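Visitor: Model the structure of this input:
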Amino acid sequence: ENETIVLDEVKKIRKKGNINTLSKLLHLFLNTKNPKIKHEIGDVLIDVKEKKVIPLIINTLQSTSGLKQKELLAICWQMSLDFSDYLKEFIHFFIEGDFELAFEAFTIIENMEQLDANIELATKIKTNLVNFDTQKKTLAIDLVHIIENGNSLT
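Guide: The predicted model follows:
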C-alpha cells in the first residue's frame, strides 16, 4: 500500500463516496496494517449517516472475528446510526465474544434508539451467564436489565 495514494483516495471517498465504495473501505479498514490508513478510514466510517449501510456493516461483522470484529464494533458505536433492528445480532456478538467484544456490543445496544423490551433475548443472556467470567457476567446482568425494560416510548 502506498500510504499517500491510499490516504488521498480515502479523502476523495469521504467527499463523494457511495455504498459501493463503502464496501471497499470496510474491506480495507479490516485488512490494512497501516495505522494511519486505518484511522482515516475509521473516521470516514464514523461520519456515515446513511441507514442503508447498516446491513452491509452487519454482514461484515458476521463474516469477521477476533480483532477485526472488535475494531468494527468500536466504529459502530461511534456512528450516529441506530442499530435497533439488529438487537439479536448484537446479543449474539455479546454472548459469543470475549469481554472486549461483549463490551463493544453492550455499548451499541445501550445506545439503541428504539429498544423494545425483549424477554426472549434477556433469557438467552441469562442462560449463558454460567459461561461468562466475572467481568462479563457483571456486564451481562446490566444488559439483561436494559433488554427486559427496553427504552421505547411505545
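
Visitor: CA atoms for contacts and neighbours, from now on please.
Guide: OK.

Visitor: Now name the helix or strand holding the residue nearest to residue 7 when sequence neighbours are not counted.
Guide: Spatially, and ignoring its direct neighbours in sequence, residue 7 is nearest to residue 37 (6.2 Å; CA to CA, 6 or more residues apart in numbering). Assessed by DSSP states H and E, residue 37 sits inside helix 35-46.

Visitor: For that helix, give the mean pLDDT please.
Guide: Helix 35-46 shows an average pLDDT of 91 in the prediction.

Visitor: rewinding a little: residues contacting the residue nearest to residue 7?
Guide: Taking CA atoms under 8 Å, 6 or more residues apart in numbering, we find residue 37 in contact with 3, 6-7, 29.

Visitor: where in this protein is pLDDT low?
Guide: 1, 17-18, 152-154 (pLDDT under 70).

Visitor: what's residue 83 sitting at in phi/psi?
Guide: Main-chain dihedrals, residue 83, degrees, to the nearest 10: phi -100, psi 20.

Visitor: Can you tell me how far it is from residue 72?
Guide: Relative to residue 72, residue 83 is positioned 14 Å away (CA to CA, to the nearest Å).

Visitor: Do you have the helices of the protein handy? List them.
Guide: Applying DSSP state H to the chain gives helices spanning 3-16, 19-31, 35-46, 54-62, 66-78, 87-96, 99-110, 119-128, 134-149.

Visitor: and those helices, which is most packed in?
Guide: Greatest average neighbour count among the helices of the chain goes to helix 99-110 (a mean of 21), per mean count of other CA atoms under 10 Å.

Visitor: Name the residues that touch that one?
Guide: By CA under 8 Å, 6+ apart, helix 99-110 touches 69-70, 73-74, 76-77, 83-84, 87, 90-91, 93-96, 135-136, 139, 143, 146.

Visitor: So what angle separates the directions of it and helix 134-149?
Guide: For helix 99-110 against helix 134-149, the angle by axes from the mean of the first three to the mean of the last three CA atoms, to 10 degrees is 20 degrees.

Visitor: hey, C-alpha coordinates of helix 99-110 in CSV?
Guide: The C-alpha trace of helix 99-110 is given here as CSV (Å, rounded to 0.1, in the frame of the first residue of the first chain):
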residue,chain,number,x,y,z
PHE,A,99,-15.1,-9.4,27.4
GLU,A,100,-13.8,-6.7,25.0
LEU,A,101,-16.2,-7.7,22.2
ALA,A,102,-19.0,-8.0,24.7
PHE,A,103,-18.3,-4.5,25.9
GLU,A,104,-18.4,-3.1,22.4
ALA,A,105,-21.7,-4.9,21.7
PHE,A,106,-23.1,-3.7,25.1
THR,A,107,-22.3,-0.1,24.2
ILE,A,108,-24.1,-0.4,20.9
ILE,A,109,-27.2,-2.0,22.5
GLU,A,110,-27.2,0.6,25.3
